[in-house]
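J.: Need the 3D shape of this:
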Amino acid sequence: MAVGLPQRSEEPYDMGVSAAGLALQVVDVRKRFGRGNRSVLALDDLSLSVHAGEVVGLLGPNGAGKSTLLRIIAGLIRQDAGEIRIFGAAAGPQNRRRLGMLVEAPALYPFLTAREHLDMLGRAENNRSEVEPILRRVGLFAAADKKVAGFSLGMKQRLGIGCTLIGRPEAIVLDEPTNGLDPDGIQEVRALIRDLSEKDGLAVLLSSHLLAEVERVCDRVVIINHGRLAAEGAVADLTREQGRFHLRVDNPQAVAASINHETELQEGGVFVRLEASEVPDMLQAIIRSGARVHEAKWVRSDLEQVFLSETREARP
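T.: The predicted structure is shown next:
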């Protein structure tokens, strides 16, 4: 049974918006590295948001600007323009304490145990009472007193997530949290992320290359490419919009030639891209032409197809 995160005993700063409101906002953020002809525009007026209790997937090909964005949110580098807002206020040292962040690989001391890592952070946050519950929650209780030097990559990743929780965050930002995990470990982390969102009300911004996992765990996704927003929306909506209609017919080539829509011959039939409202008229026209239709169905795209479609089209 998951152990809930404790409520803060005091509020040293303004709580900003309500729990149902925005936890994290990226507003028209721009970042350029270098100068002159060799400069690189990493982020180009990028905007996105994450609400409390929501899991948002941050997707993009290598070089899209994901790591730059996460470092700006963490305060490790400064944007050239735009603003990061945390629970309604401009990001600064004080309200960044409301975030738990795991950016890239967790930096751990190989000579310390998992318990010692969390205990050290718990002392800094005056929250040592949560060490044991967090060890159980991230699946490291049995290995709590082993030195990190002997940990697998997946165990280190789980400990890194545990370290983000020791400060009792209200939002967490995770960069490749399932990196190095076996299928069981991936499932555990997936369940943990959903638990933090649904039971504790945490906002979660999750960057990952594992699109199938993002599709399973995220409520909404943001796809960026060349530092710009390529697509965003609920996972179900994005995959539905990218769906295709499949027809299994006797003569696929002839049917494809007769349809006034984008078609593709595949799997012994015809895939057609069209609006749902256009399907009845299309089917009626095909049947009137004398073609025999053995099967007709919508085939929803998965997130990988949406991702490739959005990022490939955006490439120069």
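
J.: Look up the pLDDT of residue 224 for me, please.
T.: At residue 224, the model reports a pLDDT of 93.

J.: roughly how far out does stretch 65-83 sit from the chain middle?
T.: Stretch 65-83 sits 17 Å away from the centroid of its parent chain (CA atoms, centre = their mean, to the nearest Å).

J.: did I read that right, residue 56 in a helix?
T.: No. If the criterion is DSSP: H, G, I helix; E, B strand; the rest coil, then residue 56 is strand and not within a helix.

J.: That one against residue 221, yeah?
T.: Yes. At 6.9 Å, residue 56 counts as touching residue 221 under the criterion of CB atoms under 8 Å. Every C-beta, even on glycine, is put in place using the N, C-alpha and C of the backbone.

J.: Please report how far residue 163 lies from residue 121.
T.: Distance, residue 163 to residue 121, using CB to CB, to the nearest Å: 6 Å.

J.: if you count what's nearby, which of the two comes out ahead?
T.: residue 163 (23 against 20; other CB atoms under 10 Å).

J.: residues contacting the more buried one?
T.: In this structure, residue 163 makes contact with 102, 106, 117, 118, 121, judged by CB atoms under 8 Å, 6 or more residues apart in numbering.

J.: I'd guessed the third one sits against residue 109; true?
T.: I take that to be residue 117. Yes. Counting by CB under 8 Å, residue 117 touches residue 109, with 6.9 Å between them.

J.: Between these two, which is the more surrounded one?
T.: Applying other CB under 10 Å to residue 117 and residue 109 shows that residue 117 carries more neighbours, namely 22 against 12.

J.: in the stretch 151-300 of the chain, what spans have low per-residue confidence?
T.: Along the stretch 151-300 of the chain, segments meeting pLDDT under 70 span 240-243, 300.

J.: wouldn't residue 141 be in contact with residue 135 here?
T.: Yes. Using CB under 8 Å, residue 141 is in contact with residue 135, at 4.6 Å.

J.: Comparing those two, which residue is more hemmed in?
T.: More crowded of residue 141 and residue 135, by other CB under 10 Å: residue 135, with 21 against 15.

J.: Next up, the contacts around that one.
T.: 114, 115, 118, 141, 144, 162.

J.: The fourth one in helix, strand or coil?
T.: State at residue 141, reduced to three classes by three-state DSSP: coil.

J.: which SS class is the nearest residue to residue 198 once chain neighbours are set aside?
T.: Of all residues not flanking residue 198 in the chain, residue 53 sits nearest, at 7.0 Å (CB to CB, 6 or more residues apart in numbering). The three-state label given to residue 53 by three-state DSSP is coil.

J.: Next, residue 53: phi, psi?
T.: Phi and psi for residue 53, reported as degrees, to the nearest 10, are phi 80, psi 10.

J.: Count the residues that sit near it.
T.: So residue 53, with other CB under 10 Å, has 18 neighbours.

J.: among the contacts of residue 135, which ones are buried?
T.: 114, 115, 118, 144, 162 (16 or more other CB atoms under 10 Å).

J.: burial of residue 27, as a residue count?
T.: Neighbour number of residue 27 under other CB under 10 Å is 16.

J.: Buried ones in the helix or strand where residue 24 lies, by neighbour count?
T.: Element membership of residue 24, judged by DSSP states H and E, is strand 22-33. Buried residues in strand 22-33, counting neighbours by 16+ other CB under 10 Å, are found at 22, 23, 24, 25, 26, 27, 29, 31.

J.: list the residues that contact both of residue 117 and residue 109?
T.: residue 148.

J.: Which of the buried residues of strand 22-33 scores worst on pLDDT?
T.: Among the buried residues of strand 22-33, residue 22 has the lowest pLDDT, at 91.
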